[in-house]
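Participant: Need the 3D shape of this:
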Amino acid sequence: MTYSSTRSYYNIVSILFLIGFVTFSHVVNAKPATFLQDFHITWSDSHIKQLDGGRAIQLLLDQNSGCGFASKSKYLFGRVSMKIKLIPGDSAGTVTAFYMNSDTDQIRDELDFEFLGNRTGQPYTVQTNVYAQGKGDREQRINLWFDPAADFHTYSILWNHQHVVFYVDEVPIRVYKNNEAKGIPFPKMQPMGVYSTLWEADDWATRGGLEKIDWNQAPFYAYYKDFDIEGCTMPGPNSCSSNPSNWWEGATYQHLDSVAAHRYRWVRVNHMVYDYCTDKSRNPVTPPECMAGI
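Facilitator: Predicted coordinates:
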């Protein structure tokens, strides 16, 4: 599919999506928080700058340090989203990460967005990963179909008892289903915090480490705004995380509807560049969760 036809197709399905997902926008209807309401800086506070009265932030990476921040609370099920504008130009070797983590060692749960920088003119790659009860190595990568450094785009994680869904501008790019009945671990017992980091990873991030950071391009900047977390805060009432009336546990969010499923397949067919499920060098036998579908 050519870029022009891909763009045309994307515009068409965007219209369909807005029609088909109008319910979603009504249900969420949350006001974005300021940075310090929900988050604190975890390292290199000199490299994180608040903008617009705390409604946006700038992250900086230079040869001295990267930086990071984390939510003040942990959550058990819900939805978290942020609007991010990634590093423009030559961003090879950099990683901007947005993820949830239980902050436990051997049995950690984790849901990852990792934005892998690239040389100027090449597409940005988004790597997702899922750790459940300490088991990870479930990387999938897609090339974004737009320039994520030109403007803000929304990146979201929906997490309920049925599945985890990663969204880019409300387009589902990955689904990890709850298949505990088949003996497959699913993150459901450990609350997770929300984290983000901007850091150097040129030993692996771009073309497997072949492309190194050009420090002549530094400093590197990424921007965040519209911080939105909706979920059960832990510690809190034990009844919250199992309450079926939570909006994210509603019937609308238990599966992808036909429009979302169509968009999901479009992304996977046209933009996926790596899937651990089909990597026979790593997994001679297809992992069982890969056969579960959506």
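Participant: for R265, helix, strand, or coil?
Facilitator: helix (DSSP: H, G, I helix; E, B strand; the rest coil).
Participant: Would you mind measuring from it to Q140?
Facilitator: 14 Å (CB to CB, to the nearest Å). C-betas here are computed from N, CA, C, even on glycine.
Participant: Neighbour count: those two, which is higher?
Facilitator: Counted by other CB atoms under 10 Å, R265 and Q140 do not tie: Q140 has more neighbours, with 21 against 13.
Participant: Distance check, the more buried one against W159.
Facilitator: Plainly put, Q140 is 17 Å away from W159 if you go by CB to CB.
Participant: again, but for M82
Facilitator: Between M82 and W159 the distance is 15 Å, computed by CB to CB.
Participant: Please say which of those two ends up with more neighbours.
Facilitator: More neighbours surround W159 than the other of M82 and W159, with 25 against 22 (other CB under 10 Å).
Participant: Nearest residue to that one in space, ignoring adjacent ones along the chain?
Facilitator: F77 (5.4 Å; CB to CB, 6 or more residues apart in numbering).
Participant: Wait, Y131 touches D109, no?
Facilitator: Yes: with contact defined as CB atoms under 8 Å, Y131 reaches D109; the gap is 5.7 Å.
Participant: Overlap of the contact sets of these two?
Facilitator: P187 (CB atoms under 8 Å, 6 or more residues apart in numbering).
Participant: Which of these two has more residues huddled nearby?
Facilitator: Using other CB under 10 Å, the more surrounded residue of Y131 and D109 is D109, with 26 against 21.
Participant: roughly how far apart are the closest residue in space to S91 that isn't next to it in sequence and F220?
Facilitator: Leaving out its chain neighbours, the residue that sits closest to S91 by CB to CB, 6+ apart is G117, at 3.0 Å. The gap separating G117 from F220 is 8 Å, by CB to CB.
Participant: ok, those two, which is more surrounded?
Facilitator: With neighbours defined as other CB under 10 Å, G117 and F220 compare such that G117 has more, 28 against 24.
Participant: Tell me the confidence at that one?
Facilitator: Per-residue pLDDT puts G117 at 94.
Participant: So it versus D169, what's the distance?
Facilitator: 20 Å.
Participant: The residue nearest to S91 contacts P88, correct?
Facilitator: No: counting by CB under 8 Å, G117 does not reach P88; the two are 10.1 Å apart.
Participant: intersection of neighbour lists for those two?
Facilitator: Common neighbours of G117 and P88, using CB under 8 Å, 6+ apart, do not exist here.
Participant: re the thing from before, hey, what's in contact with both of G117 and F220?
Facilitator: In contact with both G117 and F220: 87, 91, 94, using CB under 8 Å, 6+ apart.
Participant: mind listing what the first one touches?
Facilitator: Meaning I87. Neighbours of I87 in contact, by CB under 8 Å, 6+ apart: 61, 94, 96, 117, 149, 220-222.
Participant: which among the residues you listed gets closest to C232?
Facilitator: Of all these, T96 has the smallest distance to C232: 27.3 Å, by CB to CB.
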